[in-house]
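have a look; sequence and predicted model below, questions after that.
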Amino acid sequence: MIKELRSAEDLAALVEEVGFLPFFKGEIPGFSVEEHTPRELWWEGEEWAAWEWKGPVIRLSQCAYGKFYRGKAMYISRVLFPDFANFRRDGYDYDARVDEGIARGEDTPVMQALLKTPSLVSKQLKARICFSKESGKRFDASLTRLQMQGYLNIKDFVYPLDRTGKPYGWGLAEYTTPEAFYGEEFTSRVYRNAPETSYGILAAHLQKLLPHASTAQIDRILRG
């Protein structure tokens, strides 16, 4: 395992190797991007160098990235993500969730917008579904909930450009669905197993990866 992350390439390789990697440190020692990144690269004056690796890591490894772990960011490899999404969705595609009456009403316009346009930057998505400034918290909550449920992931980060065409500021998340991001690679696998089978596959992987983690800690990773 890579012990020190010094570039987006290092991080992409580590995500592919370990399969799951939260961005921020948590209750399991050593299980985060933060703990593998030298301080001078984690924080540079007014910038997080490691924060700028996110888009390149997604492009390099085609991993899933989003708020998958207790409402916070986590990378998941493209190999493991179908089983993760299957478990989190409890075997329901989003239309089935609507039909069963278990979808949150405010989440459905977000999904409908991304069915019409496969990927949208956060500002574009918010404008499409007419969230006001006053309802911004509900919009953010919908995005987080849909990521936690395995229906959304972040495709890339888009930066505003100055007059010379140079990017500046914070990158804006570009959201998509796993179905649009991965295509048949995802759709042919996501519901192949029963949700509890997917849970067992992922739990076995994490037990091997994190031998010192408790069963409860592994369960919290998978259930969010």
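Yep, it's here.

where does the chain have low pLDDT?
1-2, 44-47, 131-135 (pLDDT under 70).

which residues of it fall in helices?
8-18, 33-36, 39-42, 54-61, 81-89, 94-99, 108-116, 122-128, 136-148, 178-182, 184-187, 195-209, 215-223 (DSSP state H).

just say which of those helices is most tucked in.
For the helices of the chain, average neighbour numbers computed from mean count of other C-beta atoms under 10 Å are highest in helix 81-89, which has a mean of 24. All C-beta atoms are positioned from the backbone trio N, CA, C, and that covers glycine.

please state the offset of it from the chain centre?
12 Å (C-alpha atoms, centre = their mean, to the nearest Å).

how about stretch 39-52?
21 Å.

distance between the ends of it?
15 Å (C-alpha to C-alpha, to the nearest Å).

re the thing from before, out of the helices of the chain, which gets nearest to residue 155?
Closest approach to residue 155 among the helices of the chain is made by helix 178-182 (5.9 Å; C-beta to C-beta).

now do the contacts for the closest residue to residue 224 other than its chain neighbours.
Taking C-beta to C-beta, 6 or more residues apart in numbering, and ignoring the residues beside it in sequence, residue 224 has residue 148 as its nearest neighbour in space, at 5.1 Å. Listed by C-beta atoms under 8 Å, 6 or more residues apart in numbering, the contact set of residue 148 reads 67, 68, 71, 88, 224.

specify the beta-bridge partners of the residue minimising distance to the centre of the chain.
For the chain, the residue nearest the mean C-alpha position is residue 66 (1.9 Å; C-alpha atoms, centre = their mean). Beta-bridge partners for residue 66, by DSSP bridges, are residue 74.

that one and residue 149 touch, don't they?
No: in this structure, residue 66 is not within contact of residue 149 by C-beta atoms under 8 Å, at 10.6 Å.

skipping adjacent residues, who's closest to residue 170 in space?
Among residues not flanking residue 170 along the chain, residue 159 sits closest, at 7.8 Å (C-beta to C-beta, 6+ apart).

what's the neighbour count on the one you found?
14 (other C-beta atoms under 10 Å).

near residue 73, how many residues? Count them for me, please.
Residue 73: 19 neighbours (other C-beta under 10 Å).

please tell me how far it sits from residue 198.
22 Å (C-beta to C-beta, to the nearest Å).

ditto for residue 161
Counting by C-beta to C-beta, the gap from residue 161 to residue 198 is 41 Å.

cool, residue 185 as well?
Distance, residue 185 to residue 198, using C-beta to C-beta: 16 Å.

who are the contact partners of residue 224?
Residues in contact with residue 224, defined by C-beta under 8 Å, 6+ apart, are 68, 69, 70, 71, 88, 148.

do I have it right that the fifth one meets residue 147?
Yep, that's residue 88 we're talking about. No: with contact defined as C-beta under 8 Å, residue 88 does not count as touching residue 147 (9.3 Å).

shared neighbours of the two, which are they?
Common neighbours of residue 88 and residue 147 (C-beta under 8 Å, 6+ apart) are residue 68.

state the distance from the closest residue to residue 146 other than its chain neighbours to residue 216.
With sequence-adjacent residues excluded and distances taken as C-beta to C-beta, 6+ apart, residue 146 is closest to residue 152, at 4.3 Å. Distance of residue 152 to residue 216, computed by C-beta to C-beta: 27 Å.

check residue 223 too.
From residue 223 to residue 216 the distance is 10 Å (C-beta to C-beta).

do residue 191 as well
28 Å.
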